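Q: generate coordinates for the sequence data below:
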Amino acid sequence: MFKSALIVFFLLSMALGHNYFDIIPKYMGTVFAGKEISFKGTCFRKVNVRLSSHGDVVFTSHKAKDLVCKEVYVVLTPFDYHLAWTQFHGKHTVDIDWKPNEYEAAKREGVRIFMVHEGFIDTVKDAFHLYKSLAKADPSELRTLQQSNLGFTYKVRDSPITPIPIDEIRSGDSVTFQKSNFEETMIAIGCQSRAGHSGIAVWNKDKTTLYILESTPELGYHKTEYNDWVRFHTNGERCHSSWCMASILHLKDELADVIERNIDTVWEHIDAHMGSEYTYFTNFFSLLDSSVNALPDPFYPEMLLFAFHMLNEKSPEVMEQYFLPGFRHRLGDESLKTFNDVLQVVINRGMTVEELWAIPERDEWLYNGKHATHCTSLVYKVWKAGGLFDYLGIDIETNEQHPRDMYEIDIYKKHQQVFGDYYLVLPTFSSVPPYSHMNEQCQLIKGKTHYPAMC
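A: Down below sits the predicted model:
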């Protein structure tokens, strides 16, 4: 199971025994026809790379630090990737068998150069197969990763459970989770969020039973009675308070009133979607709002394109399950069978893959005849069915939202933590006024905790 291409590289780092992100390919630059780039390697003090007018990529290595120097590079062309080994000083030529139209695209977009660890490529498929065991990584290790990458701090609470009077929770109040597990840590890193999962509270029509609605990979779209939900998330059945934290985010009273007035419509929507599958690809595309600065450190768009090429070769079934459906919708062409088909259309239209993935997800798109739902989009879809966005006078694409977006939108009056051994801190809680087409084109600003305004 995969939430985004970010997981690929985390898997590889663990599988190869490196520190968490050491295995990530290092982007060295893009070289254009007739041009040259230079950089410092790990073994050679200077490396020049040139794309010749004949289409060859020529590496020239200088000033070896050791008598036996070896560096491994990936040359990423629009349609494929190629390995290059540089041993000893001097020239090393990569002969490329260009596909139709590929060299013309390369002259326009350039050829990307990566430095990688030796053995990187051959481990991709095995790393995916290791996912289920790696997903059970020790929570303390994942907390360390959250602290180093996201700046989390962990302050112990007096009690792992805080009883909240059930009548204080209203239909439409959302739930935000922070879990020290593998998938949700990757989601939190992907959107630079204090949370990796979302849910929503809804009373039944006669207000006798409160449910928490969620969409998860394991259970799909489901509902759980509130008291059972608290118990399941503190006794280890679904998670444990030692690595699970959750808070109720209370809607402003006038907004909760809107949801309650439309509760029949809300339940019509819920009943129509109950049991539907969790959709990984909409979660993935919700993280990629821009063709530039779409990923947090230490990731970058060139790396993601590299990952697509590797998956296309090593695990085409993963590409089909998680990425190709979204690409087909964005291109308006359901006949595309492979990532290479997608690339051909992208090149013919004068686009880049980065521009393709930045096209916003649309609520009307169907996948296998059904609407797609991930955890946060479930929350937004319930709000939408309940008339909340009509009341606010805005139009929002629900599948473009992720956990950070949900707790930052300024529609709440307060939040209360329900369970967790540690405090769940939300520094940007309810801080972004709602607006139409919210969070569709947001770039991550390096070193900042906020998005550009009105993105």
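
Q: which strands and helices sit next to the helix or strand where residue 71 lies?
A: Element membership for residue 71 (DSSP states H and E) is strand 70-76. Contact here means 3 or more C-beta pairs under 8 Å, 6 or more residues apart in numbering; DSSP states H and E; on that basis strand 70-76 packs against strand 57-64, strand 81-87, strand 111-116, helix 301-314. For glycine as for every other residue, the C-beta is placed from the backbone atoms N, C-alpha and C.

Q: tell me which residues of it are tucked away?
A: 71-76 (16 or more other C-beta atoms under 10 Å).

Q: residue 256 is nearest to which of the helices and strands packed on strand 70-76?
A: Among those, helix 301-314 comes nearest to residue 256, with 39.2 Å by C-beta to C-beta.

Q: just checking, what packs against the following helix or strand past the closest one?
A: For helix 301-314, the following helix or strand on the C-terminal side (DSSP H and E) is helix 316-322. When contacts are defined as 3+ C-beta pairs under 8 Å, 6+ apart, helix 316-322 packs onto helix 280-287, helix 301-314.

Q: deepest of the ones you listed, which one?
A: helix 280-287 (a mean of 26; mean count of other C-beta atoms under 10 Å).

Q: tell me what it is packed against?
A: Counting contacts by 3+ C-beta pairs under 8 Å, 6+ apart, helix 280-287 is packed against helix 182-190, helix 316-322, helix 324-331, helix 375-385.

Q: roughly how far is it from the heart of the chain?
A: Centroid separation for helix 280-287 versus its chain: 6 Å, with C-alpha atoms, centre = their mean, to the nearest Å.

Q: what angle separates it from helix 324-331?
A: 50 degrees (axes from the mean of the first three to the mean of the last three C-alpha atoms, to 10 degrees).

Q: mind saving the C-alpha coords of helix 280-287 as PDB?
A: Extracted in PDB, the C-alpha atoms of helix 280-287 (Å, rounded to 0.1, in the frame of the first residue of the first chain):
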ATOM      1  CA  TYR A 280      -4.600   6.400  -2.700                       C
ATOM      2  CA  PHE A 281      -4.100   8.400  -5.900                       C
ATOM      3  CA  THR A 282      -6.400  11.300  -4.900                       C
ATOM      4  CA  ASN A 283      -4.400  11.600  -1.700                       C
ATOM      5  CA  PHE A 284      -1.200  11.600  -3.700                       C
ATOM      6  CA  PHE A 285      -2.400  14.300  -6.100                       C
ATOM      7  CA  SER A 286      -3.700  16.500  -3.300                       C
ATOM      8  CA  LEU A 287       0.000  16.900  -2.200                       C
END
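
Q: show the average pLDDT along that helix.
A: What helix 280-287 shows for mean pLDDT is 77.

Q: and stretch 437-447, by the same measure?
A: Per-residue scores along stretch 437-447 average to 72.

Q: neighbours around the residue lying closest to residue 261 once chain neighbours are set aside, how many?
A: Sequence neighbours aside, residue 387 is the residue nearest to residue 261 in space, at 7.5 Å (criterion: C-beta to C-beta, 6 or more residues apart in numbering). Number of residues near residue 387 (other C-beta atoms under 10 Å) recorded here: 16.
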